[in-house]
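Peer 1: Test case, fold it:
(one chain, ligands or ions: 1)
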Amino acid sequence: MTKRSIGANTAMGYVTAIFLGLAAVLGSGLARFGSVLAAPVGQPSDWEIGLQPPNSEVARSIDSFYNLTNGIIIAIGLFVMILIIVALVRFREKANPVPSKTTHNSFLEVAWTALPIMILLIIAIPSFKLLFLQYSYPKPDLTIKAIGSQWYWTHEYPDQGGFSFDSNIIRDEDLLTRAMGEDAFNKKYGNLEGTALSKALYRDAAPLWKKYGLVRQLSTDTAVVVPVGKVVHVLVTAEDVIHDWTIPAFGSKIDAVPGRISATWFRADKKGVFYGQCSELCGKDHGNMPIMVRVVDQGTFDAWAAAMRANDDKKAKQILIKAELRDKQTKKLAALKSDY
Ligand SMILES: [Cu+2]
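Peer 2: Here you go, the predicted structure:
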């Protein structure tokens with residue numbers, strides 16, 4: 001009886017080892033497939049399985065670490081489920097009228113101690129590498145200070161002449177007021193309130209988001225502008241309660257604590273617009289203080305910064321619009337005709 005059960009266990013060990021390997025490959029493959037499927041860059045998308053497409057070294061490391069651990073998790077989950085099913089069927093009372101007297105099995109005991117250690121090591125090594133990458137800050141080309149307040153962000157450029165601006169969320173009512181004028185807006189929505197009002201605003205503004213090329217809940221009136229391929233340090237703090245400055249595509253996420261300065265860094269690989277949201281519960285409008293980062297070429301950045309230094313907001317916006325038109329090689333991007 002004992003002999004038979006050891007033989008069966010060893011065979012089962014081999015089978016499950018092979019299975020574990022296969023499932024790990026399958027799992028990480030699936031996770032990777034998910035992040036490839038996610039089409040729009042810099043923002044979340046419907047049916048997204050993996051993380052947002054990474055746009056910095058740190059984000060790429062986070063992405064591969066996520067795929068690795070996810071693969072391991074899926075493999076362990078499947079492995080345990082199959083073990084339970086096998087145990088339920090093979091060792092049921094009916095099939096085993098005389099119960100086994102096995103008390104221990106050296107191979108199994110070594111295996112179930114050594115295997116988890118190996119799995120933890122496989123996870124620990126890239127995990128520490130990633131931590132060191134995130135928290136060893138390379139020499140900055142640009143430093144930005146982000147200050148969280150209930151419920152918007154202020155962005156300062158201390159080494160560019162110290163100009164600063166507030167970044168506020170764009171809401172349904174902002175687009176509607178812009179499209180139909182203030183009087184018409186008040187006339188149409190003035191007698192509505194509560195859920196009825198927000199439902200009407202949501203419904204009527206839906207086509208405008210597309211028209212202006214903006215992302216609902218993520219676009220802000222002013223964007224953080226940074227040059228592509230340059231090391232950017234973001235010094236993060238808060239005015240009132242704890243907020244959190246986050247851009248998933250850069251792998252940046254750091255708490256903004258009142259009275260303290262914390263920091264995150266990124267080097268954007270590609271140009272484009274990248275979105276994030278406050279990621280620390282900070283009050284009733286926590287979901288309404290997004291962050292929008294425009295990554296542009298160095299020339300555009302310098303021109304923009306010069307205009308901002310000169311307090312010429314209009315010119316600064318024109319510079320960004322021109323750069324975006326040039327990059328997208330189009331003349332009729334609706335978003336750019338608007339003031340946003
Ligand atoms: Cu917040």
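Peer 1: Just the pLDDT at the residue of the chain most remote from its centre, thanks.
Peer 2: Distance from the C-alpha centroid of the chain, by CA atoms, centre = their mean, peaks at residue 98 (55.9 Å). What the model reports as pLDDT for residue 98 is 89.
Peer 1: Looks to me like it is in a helix.
Peer 2: No: according to DSSP: H, G, I helix; E, B strand; the rest coil, residue 98 belongs to no helix; its state is coil.
Peer 1: Residue 82: what secondary structure?
Peer 2: When the structure is reduced to helix, strand and coil (three-state DSSP), residue 82 reads as helix.
Peer 1: Could you count how many residues lie near residue 269?
Peer 2: With neighbours defined by other CB atoms under 10 Å, the count for residue 269 comes to 17. Every residue, glycine included, has its C-beta placed from N, CA and C.
Peer 1: And residue 258, by the same measure?
Peer 2: By the criterion of other CB under 10 Å, residue 258 has 14 neighbours.
Peer 1: Residue 134 versus the spatially closest residue to it that is not a sequence neighbour, what's the distance?
Peer 2: Closest residue to residue 258 apart from its sequence neighbours, by CB to CB, 6 or more residues apart in numbering: residue 238 at 4.7 Å. Counting by CB to CB, to the nearest Å, the gap from residue 238 to residue 134 is 20 Å.
Peer 1: more neighbours, those two?
Peer 2: Here residue 238 and residue 134 are compared on neighbour count by other CB under 10 Å; more neighbours surround residue 238, at 25 against 19.
Peer 1: just to revisit the earlier point, how near is the residue farthest from the centre of the chain to residue 313?
Peer 2: When residue 98 is compared with residue 313 (using CB to CB), they lie 86 Å apart.
Peer 1: Residue 58 too?
Peer 2: To residue 313, residue 58 is 32 Å away according to CB to CB.
Peer 1: do the same with residue 133
Peer 2: In this view, residue 133 and residue 313 are 36 Å apart by CB to CB.
Peer 1: More neighbours: which of those two?
Peer 2: The residue with more neighbours, out of residue 133 and residue 313 and counting by other CB under 10 Å, is residue 133; that gives 16 against 13.
Peer 1: check contacts around the more buried one.
Peer 2: 57-58, 61 (CB atoms under 8 Å, 6 or more residues apart in numbering).
Peer 1: What of residue 41?
Peer 2: Taking CB under 8 Å, 6+ apart as the definition of contact, the neighbours of residue 41 are 52-53, 55, 249, 270, 272, 274.
Peer 1: What about residue 129, how many residues nearby?
Peer 2: 12.
Peer 1: my read: it touches residue 61, true?
Peer 2: Yes: using CB atoms under 8 Å, residue 129 and residue 61 qualify as a contacting pair, with a distance of 7.3 Å.
Peer 1: re earlier: by neighbour count, sort out the buried ones in the contacts of residue 133.
Peer 2: Among the contacts of residue 133, the ones that count as buried by 16 or more other CB atoms under 10 Å are 57-58, 61.
Peer 1: Dump those into TSV; add distance to residue 256, secondary structure and pLDDT as well.
Peer 2: Written out in TSV, the entries for these read as follows (distance: CB to CB, whole Å; DSSP: H, G, I helix; E, B strand; the rest coil; pLDDT from 0 to 100):
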residue	distance to residue 256	secondary structure	pLDDT
57	23	helix	95
58	18	helix	96
61	23	helix	96
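Peer 1: Just give me the closest of the residues you listed to the ion.
Peer 2: Comparing these against the ion with CB to the ion picks out residue 58 as the nearest, at 21.9 Å.
Peer 1: The closest one and residue 250, how far apart?
Peer 2: 7 Å.
Peer 1: Name the residues contacting each of the two.
Peer 2: Residues touching both residue 58 and residue 250 (CB under 8 Å, 6+ apart): residue 266.
Peer 1: Pull the residues that contact stretch 254-263.
Peer 2: 137, 146-148, 233-246, 264, 280.
Peer 1: and if we set it to 6 Å?
Peer 2: Among residues not part of stretch 254-263, those counted as contacts by CB atoms under 6 Å, 6 or more residues apart in numbering are 148, 233, 235-238, 242-245, 264, 280.
Peer 1: Show me what counts as buried in it.
Peer 2: By neighbour count with 16+ other CB under 10 Å, stretch 254-263 contains the buried residues 254-257, 263.
Peer 1: tell me which parts of the protein are close to the ion?
Peer 2: For the chain, the residues in contact with the ion under the definition CB under 5 Å from the ion are 243, 278, 282.
Peer 1: This completes my enquiry, with thanks.
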